[in-house]
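> Dropping the sequence and predicted coords here.
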Amino acid sequence: MENRIMKHTHTRTWINSARRLLGSLLLFGLLPVAALQANTIEDVTFTTLPGEKVQIRLRLAEPPARVPASFTIDNPARIALDFPGTTIGTRNKSRQINVGVVRSITGVEAGGRTRMVINLAKLVGYTTTLKGNEVYINIGESATTSSAPAPRAKSAPAAAISTDEAINILNVDFQRGLKGEGRILVTLADPNTPVEVKKRGKQVVVTLKNSAMPDKLERRLDVIDFATPVKTIDSFNHGNDARLIITATTDFDYLSYQANEKLAIDIKPPIKKDDEAAKKRRKFPYSGERLSLNFQNIEVRAVLQLLADFTGLNMVVSDTVSGNLTLRLKNVPWDQALDIVLKTKGLAKRLTGNVMLIACCRVLSSTLIPSRFASSSCSLLRISRSSACLC
């Protein structure tokens with residue numbers, strides 16, 4: 001009886017040790033995620049669409065859990081899509097396309113995931129759609145992401161879609177920024193709403209696809225008294241969409257960005273030619289390589305991992321970092337994108353040597369921060385430059 005008890009005790013001790021070892025390997029990236037959750041890209045094909053557009057189809061062995069995260073680079077023009085826990089099962093990892101603006105597509109495996117890089121002649125819009133075990137990338141279209149595409153509904157009068165079920169615009173507000181810019185803030189019920197922003201003369205037209213706003217928001221805001229470049233903001237339902245027309249009093253520059261359910265459009269006074277020399281003397285706080293990000297409900301840790309890949313940084317992330325994020329950024333420096341992510345989630349960073357520490361503000365300001373990051377409750381995202389240069 002005593003021998004059986006001792007044997008059982010030794011067995012439990014061995015299992016617990018194995019579990020601790022496996023957890024350590026996963027924590028520090030020594031055991032690929034693919035070892036536990038493997039998928040394979042089995043085929044890569046493409047089809048030419050009207051208007052020199054291109055549709056690329058990626059067939060996987062199993063349906064992905066979600067639409068792959070993606071980002072773009074302006075120079076050289078590239079679209080990158082990340083497939084965690086996935087390998088490449090095709091004979092050739094690179095394929096020439098040379099149709100329209102699409103030159104080729106290349107797959108690279110690293111760190112238990114696969115990155116598919118689409119090389120372009122110039123950066124254009126694209127859509128990503130998930131249908132079962134197939135991912136479709138349409139090059140040359142307005143950027144949207146969908147995991148359950150449905151046939152487009154027939155056009156209906158604006159009054160027909162202004163129902164409680166269709167209302168997606170919760171509020172339209174205006175603020176004056178610290179530098180005299182006019183900031184239009186739109187609160188969305190669904191952060192994945194496709195948004196199109198265009199400049200037309202002295203107006204900026206914002207179209208929110210397949211959306212509606214309540215009657216009380218269909219109005220004109222006269223904001224000329226705020227002493228910004230913005231004169232009026234007209235918001236109304238237009239067919240199946242909701243639309244904002246922002247009218248300026250003079251020439252202007254604009255910037256649009258979104259964090260979760262908040263969409264912001266900044267209207268700024270233009271830089272005068274006489275001030276260009278002064279502008280050059282003022283150092284822009286961000287100097288990183290520019291990129292574009294389009295994430296829908298992605299984990300914050302996954303965004304940080306992607307930025308670590310892009311920059312080759314050694315990044316330590318506290319276990320207090322959690323939650324999801326929807327983010328649309330176009331042609332911004334990577335360090336500005338990082339700051340936007342951190343500020344949106346109430347996080348902060350600290351650079352120690354060549355290692356960046358990221359945690360909640362209260363944790364990072366604590367005097368116990370060295371011991372916290374030395375503990376096993378933090379994960380090390382260490383990507384060497386050789387493995388990070390996948391695109």
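All right, it came through fine.
> Extract the CA atoms of stretch 201-210 and return them as PDB.
Taking C-alpha atoms only, stretch 201-210 is exported to PDB below (Å, rounded to 0.1, in the frame of the first residue of the first chain):
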ATOM      1  CA  GLY A 201     -12.800  71.300 -52.200                       C
ATOM      2  CA  LYS A 202     -13.500  73.000 -48.900                       C
ATOM      3  CA  GLN A 203     -15.500  70.000 -47.600                       C
ATOM      4  CA  VAL A 204     -14.700  66.600 -46.100                       C
ATOM      5  CA  VAL A 205     -17.400  64.000 -46.800                       C
ATOM      6  CA  VAL A 206     -17.600  61.100 -44.300                       C
ATOM      7  CA  THR A 207     -19.700  58.100 -45.300                       C
ATOM      8  CA  LEU A 208     -20.500  55.400 -42.800                       C
ATOM      9  CA  LYS A 209     -21.600  52.400 -44.800                       C
ATOM     10  CA  ASN A 210     -24.800  50.500 -44.100                       C
END
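> quick check: mean pLDDT across that stretch?
Computed over stretch 201-210, the mean pLDDT rounds to 90.
> do the same with stretch 348-361
Across stretch 348-361, the average pLDDT comes to 86.
> just for the chain, where's the confidence low?
1-37, 141-166, 271-284, 365-391 (pLDDT under 70).
> what about the residue lying closest to Asn168 once chain neighbours are set aside, how many neighbours?
Distance criterion CB to CB, 6 or more residues apart in numbering; nearest residue to Asn168, sequence neighbours excluded, is Ser211 at 4.0 Å. From N, CA and C alone the C-beta is placed, and that goes for glycine too. Residues near Ser211, counting by other CB atoms under 10 Å, number 23.
> Ser211 and Asp241 touch, don't they?
Yes - Ser211 is within contact range of Asp241, at 6.2 Å (criterion: CB atoms under 8 Å).
> For the chain, which segments are assigned as helices?
Using DSSP state H, the helices assigned to the chain run over residues 2-27, 158-161, 276-281, 300-311, 334-344, 361-364, 369-374, 385-388.
> if we can go back for a sec, quick one, what contacts the residue nearest to Asn168?
The contact partners of Ser211, by CB atoms under 8 Å, 6 or more residues apart in numbering, come to 166, 168-169, 188, 193, 241-242.
> quick one: which of the residues you listed sit in strands?
169, 188, 241-242 (DSSP state E).
> most neighbours, which of the residues you listed?
Counting neighbours by other CB under 10 Å, the top entry in the ones in strands among the contacts of Ser211 is Ala242, with 30 neighbours.
> Distance of it relative to Asn168?
According to CB to CB, to the nearest Å, Ala242 and Asn168 sit 7 Å apart.
> overlap in contacts of these two?
Shared contacts of Ala242 and Asn168 (CB under 8 Å, 6+ apart): 208, 211-213.
> quick one: which of these is nearest to Leu307?
Distance to Leu307 across the shared contacts of Ala242 and Asn168 (CB to CB) is lowest for Leu208, with 27.7 Å.
> Any idea what the closest one is bridged to?
Beta-bridge partners for Leu208, by DSSP bridges, are Val195, Ala242.
> How about the contacts made by it?
With CB under 8 Å, 6+ apart, Leu208 has these contacts: 168-169, 186, 188, 193-195, 241-244.
> and those as a markdown table, adding distance to Arg176?
Output for the contacts of Leu208, formatted as a markdown table (distance: CB to CB, whole Å):
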| residue | distance to Arg176 |
| --- | --- |
| Asn168 | 26 |
| Ile169 | 22 |
| Val186 | 17 |
| Leu188 | 22 |
| Thr193 | 26 |
| Pro194 | 28 |
| Val195 | 23 |
| Asp241 | 28 |
| Ala242 | 24 |
| Arg243 | 23 |
| Leu244 | 18 |
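> wait, which of those residues is closest to Ile105?
Looking across the contacts of Leu208 and measuring by CB to CB, the closest to Ile105 is Pro194, at 24.3 Å.
> For Arg113, see how far away that closest one is.
27 Å.
> between these two, which one's more packed in?
Set Pro194 next to Arg113 and count neighbours by other CB under 10 Å: Arg113 wins out with 21 against 18.
> Residues in a beta bridge with the residue most central in space within the chain, which ones?
For the chain, the residue nearest the mean C-alpha position is Phe295 (2.9 Å; CA atoms, centre = their mean). Bridge pairing for Phe295 (DSSP bridges) gives the partners Leu327.
> In this structure it contacts Leu304, no?
No - counting by CB under 8 Å, Phe295 does not reach Leu304; the two are 11.7 Å apart.
> isn't Cys361 right next to Ala348, touching?
Yes - taking contacts as CB under 8 Å, Cys361 lies within contact range of Ala348: 4.6 Å.
> and these two? which has more neighbours close in?
Ala348 (16 against 12).
> I'd guessed Asn237 sits against Glu218; true?
Yes - counting by CB under 8 Å, Asn237 touches Glu218, with 6.5 Å between them.
> May I have the residues that are in contact with the residue nearest to the centre of the chain?
69, 303, 325-328.
> what do you get if the cut-off is 10 Å, keeping everything else the same?
Contact analysis of Phe295 by CB atoms under 10 Å, 6 or more residues apart in numbering lists 67, 69-71, 145, 191-192, 302-303, 306, 324-329, 341.
> Also Phe71?
Phe71 sits in contact with 78-82, 291-295, 303, 306-307, 309-310, 329, 334, 337, 391, where contact means CB under 10 Å, 6+ apart.
> try 7 Å this time
80, 291-293, 306 (CB atoms under 7 Å, 6 or more residues apart in numbering).
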